[in-house]
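Enquirer: okay, sequence plus prediction incoming.
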Protein chains: 2
Amino acid sequence: MTIGIYGLGRFGLFWAGKMASLGRVVGYNRTPRRFPPSIELVPLDGLSECDVVFICAAISAIPQVAKDLSAVLRPGTLVMDTCSVKEFPLASLVRYLPEQIDVIGTHPMFGPDSADSSLHDLPMVVTPTRGSDSLVQEWADRFSSLGMRVMVMSPEDHDREAARTQGITHFIGRLLASLDLKPSPMGTLGFKKIFEVMEQTCNDPWQLFLDLQQYNPHTKEMREQMVGKFDELIQVLSGLSDNSTHDDGLTEK
Amino acid sequence: MTIGIYGLGRFGLFWAGKMASLGRVVGYNRTPRRFPPSIELVPLDGLSECDVVFICAAISAIPQVAKDLSAVLRPGTLVMDTCSVKEFPLASLVRYLPEQIDVIGTHPMFGPDSADSSLHDLPMVVTPTRGSDSLVQEWADRFSSLGMRVMVMSPEDHDREAARTQGITHFIGRLLASLDLKPSPMGTLGFKKIFEVMEQTCNDPWQLFLDLQQYNPHTKEMREQMVGKFDELIQVLSGLSDNSTHDDGLTEK
């Protein structure tokens, strides 16, 4: 089996490494630059020899990637995206790729910062989109064989849940980063975790953060809820009396 | 040595257990209720037999606790508070306790949720306030002997740093709790940490959260910075074009 990787950014190179145990891996990147010698580079039309192509590009780039691929792929090729949002990119792939190209959505919910070498128990969402159920099962089994914990669900269910997990996590991570937090010897266990959230999310490209918020139709609702709760909390704290007018109430700690 | 604990709430009982290896421990609680048999209860004036009294009461209660203690303690007794804020409670203790009572501030930056049995390397802030340097050193050594990582600093330095560590952590924890987050099988490693921050902070009393924000003079500035950055982030995301008008730009992931 020949596995193509479209997009050799930080995640694409990571994914290429993981797929190497399943077959021969070739990679294409729009912008030529130096890559590790471990990856076999091909031009765009070199992807025509692939049985399966993983797209490791930004969510916003998927429509153009789909158009590029539609010009070179053979009928019967399977295309899988790896985007952190599922409804939008899969709609683009179905729209722009010819009928004879099968499409399965995936969201590996881990990356170079959170995966160890085994991928043991790491969450992998698979969203059947176009093609046979048996093809979905075949790939679910392959991902499982690499250690991943495969969850098959619809793109809609994925996006709704992701808005309240990954969407919130990345929002908080970016908020923390903007506060210019520094590690502190006084840091409590909770502060250390806060710091880790920041590190986990802010190594990812800023574009991924924006795309997660823009292209997941459910993040808007999540943000509106967060704005409401944030304002409520600030209101409660602003309403506290000045600390010089304590109430002398006795409360054990 | 007889060690008194004023305030047998969740933290007070935890602290009583930790101090038991340093001497005989007696406890007083304003409101009578059932306590574990391991703690020897005394009335308020029973604290007069103590060499040292730890106050484990809410920050807002410290002025009244100081007045209570000033009526019963013998000259030469050492009083230490354990509040998460230092400037305000220590000013109260110095004001209301007689000159002959020594005062040292402490902030054990851990509790029943974050401490293991050894207290190994857990941060313990000590702020010298009234009394000899040798007394401070004696207690710093005792805390170290229990495994704690002792940091001696001024109340002002403590409060400034705590606003940007514990203050932020608890604010984010309460914000997350108000969003009614649920554990998710789709949770990334970052989401798990977000969840842990919530658990770490929201087991503490709501009063502690309010007191941390109200009685630390530096949290206001921290919150103002957070409001500014939060609004900026929301503005950036609100300004993103609708997801149907993507730019087709190509970016590797």
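Expert: Yes, it's here.
Enquirer: give me the nearest residue to A:V65, chain neighbours excluded.
Expert: With C-beta to C-beta, 6 or more residues apart in numbering or on different chains as the criterion, A:V65 has its nearest non-adjacent residue at 5.1 Å, and that residue is A:A57. Heads up, the C-betas are built off the backbone N, CA and C, glycines and all.
Enquirer: so how many other residues sit close to the one you found?
Expert: When neighbours are counted by other C-beta atoms under 10 Å in any protein chain shown, A:A57 registers 29.
Enquirer: please apply the same query to A:G173.
Expert: 24.
Enquirer: test my guess that it contacts A:N203.
Expert: No: A:G173 lies out of contact with A:N203 (C-beta atoms under 8 Å); the separation is 9.7 Å.
Enquirer: pull up the overlap in contacts between these two.
Expert: Common contact partners of A:G173 and A:N203 (C-beta atoms under 8 Å, 6 or more residues apart in numbering or on different chains): none.
Enquirer: for the spatially most central residue of chain A, give me its contacts.
Expert: By C-alpha atoms, centre = their mean, chain A has its centre lying nearest to A:S84, at 3.2 Å. Under the criterion of C-beta under 8 Å, 6+ apart, the contact list for A:S84 reads A:I59, A:H107, A:A162, A:Q166, A:L208, A:D211, A:L212, A:N216.
Enquirer: so which of the residues you listed is the closest to chain B?
Expert: When the contacts of A:S84 are ranked by distance to chain B (C-beta to the nearest C-beta), A:Q166 comes first, at 5.8 Å.
Enquirer: nearest residue to that closest one in space, please, no chain neighbours.
Expert: Per C-beta to C-beta, 6+ apart, closest to A:Q166 is B:T188, 5.8 Å.
Enquirer: neighbours of the one you found, how many?
Expert: Counted by other C-beta under 10 Å, the residues lying close to B:T188 total 24.
Enquirer: so what are the domain limits for chain A?
Expert: Chain A breaks down into these domains under automatic domain parsing: A:2-153, A:158-237.
Enquirer: how far is stretch A:101-121 from where the chain is centred?
Expert: 9 Å (C-alpha atoms, centre = their mean, to the nearest Å).
Enquirer: surely the residue nearest to A:Q166 and A:H107 touch.
Expert: No: B:T188 is beyond contact range of A:H107, at 10.1 Å (criterion: C-beta under 8 Å).
Enquirer: thinking again about what came up before, quick one: the residue nearest to the centre of chain A is in a helix?
Expert: No: using DSSP: H, G, I helix; E, B strand; the rest coil, the assignment for A:S84 is coil, not a helix.
Enquirer: just the ones in helices from the contacts of A:S84, please.
Expert: Mapping the contacts of A:S84 onto helices (DSSP state H) picks out A:A162, A:L208, A:D211, A:L212.
Enquirer: related to what we said a few turns ago, okay if I get the domains of chain A as CSV plus mean pLDDT?
Expert: Supplementary listing: the domains of chain A in CSV, determined by pLDDT from 0 to 100:
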stretch, mean pLDDT
domain A:2-153, 96
domain A:158-237, 92
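Enquirer: quick one: closest of those to B:G4.
Expert: domain A:158-237 (26.1 Å; C-beta to C-beta).
Enquirer: and the closest one, how far out from the chain's middle?
Expert: For domain A:158-237, the distance to the chain centre is 15 Å (C-alpha atoms, centre = their mean).
Enquirer: what do you get for stretch A:81-95?
Expert: 12 Å.
Enquirer: end-to-end on it?
Expert: Taking C-alpha to C-alpha, to the nearest Å, stretch A:81-95 runs 14 Å from one end to the other.
Enquirer: which parts of it are buried?
Expert: By neighbour count with 16 or more other C-beta atoms under 10 Å in any protein chain shown, stretch A:81-95 contains the buried residues A:D81, A:T82, A:C83, A:S84, A:V85, A:K86, A:E87, A:F88, A:P89, A:L90, A:S92, A:L93.
Enquirer: quick one: list the elements packing against the strand or helix carrying A:Q235.
Expert: For A:Q235, the host element (DSSP states H and E) is helix A:219-238. In terms of contacts (3 or more C-beta pairs under 8 Å, 6 or more residues apart in numbering or on different chains; DSSP states H and E), helix A:219-238 is packed against helix A:168-178, helix A:206-215, helix B:168-178, helix B:206-215, helix B:219-238.
Enquirer: what's the longest one in contact with?
Expert: So that's helix B:219-238. For helix B:219-238, contacts defined as C-beta under 8 Å, 6+ apart pick out A:171, A:174-175, A:178-179, A:210, A:213-214, A:223, A:227, A:230, A:234, A:237, B:163-164, B:167-168, B:171, B:212-213.
Enquirer: give the full set of residues in contact with A:V72.
Expert: A:L44, A:D45, A:L47, A:S48.
Enquirer: how about the secondary structure of the closest residue to the second one other than its chain neighbours?
Expert: The spatial neighbour of A:D45 that comes closest, neighbours along the chain excluded (C-beta to C-beta, 6+ apart), is A:V72 at 4.7 Å. Put simply, A:V72 is coil when judged by three-state DSSP.
Enquirer: and the residue nearest to A:S178 when sequence neighbours are not counted, how many neighbours?
Expert: Excluding the flanking residues, the one nearest A:S178 by C-beta to C-beta, 6+ apart is B:K229, at 4.1 Å. The tally of other residues near B:K229 (other C-beta under 10 Å) stands at 17.
Enquirer: A:V79: what's it in contact with?
Expert: A:V52, A:V53, A:I55, A:L69, A:L73, A:L93, A:L97, A:I101, A:D102, A:V103, A:I104.
Enquirer: thinking again about what came up before, quick one, what contacts the residue nearest to A:Q166?
Expert: Going by C-beta under 8 Å, 6+ apart, B:T188 touches A:M109, A:F110, A:S114, A:P123, A:T165, A:Q166, A:T169, A:Q200.
Enquirer: can you map out the helices along the stretch 51-200 of chain A?
Expert: A:62-70, A:87-96, A:133-145, A:155-162, A:168-178, A:189-202 (DSSP state H, counting those that start in this stretch).
Enquirer: just the buried residues of the longest one, please?
Expert: Using 16+ other C-beta under 10 Å as the test for burial, helix A:189-202 gives A:189-198, A:200-202.
Enquirer: next: stretch A:147-165.
Expert: Neighbour counts using 16+ other C-beta under 10 Å place A:147-151, A:153, A:155, A:158-165 of stretch A:147-165 among the buried residues.
Enquirer: how far does it stretch from one end to the other?
Expert: 22 Å.
Enquirer: does that stretch come close to chain B?
Expert: Yes: contact of stretch A:147-165 with chain B (C-beta under 8 Å from any C-beta of the partner chain) involves A:R149, A:M151, A:H158, A:E161, A:A162, A:R164, A:T165.
Enquirer: please name the nearest non-neighbouring residue to the fifth one.
Expert: Here the nearest residue to A:A162 in space, its sequence neighbours aside, is A:N216; by C-beta to C-beta, 6+ apart that works out to 6.2 Å.
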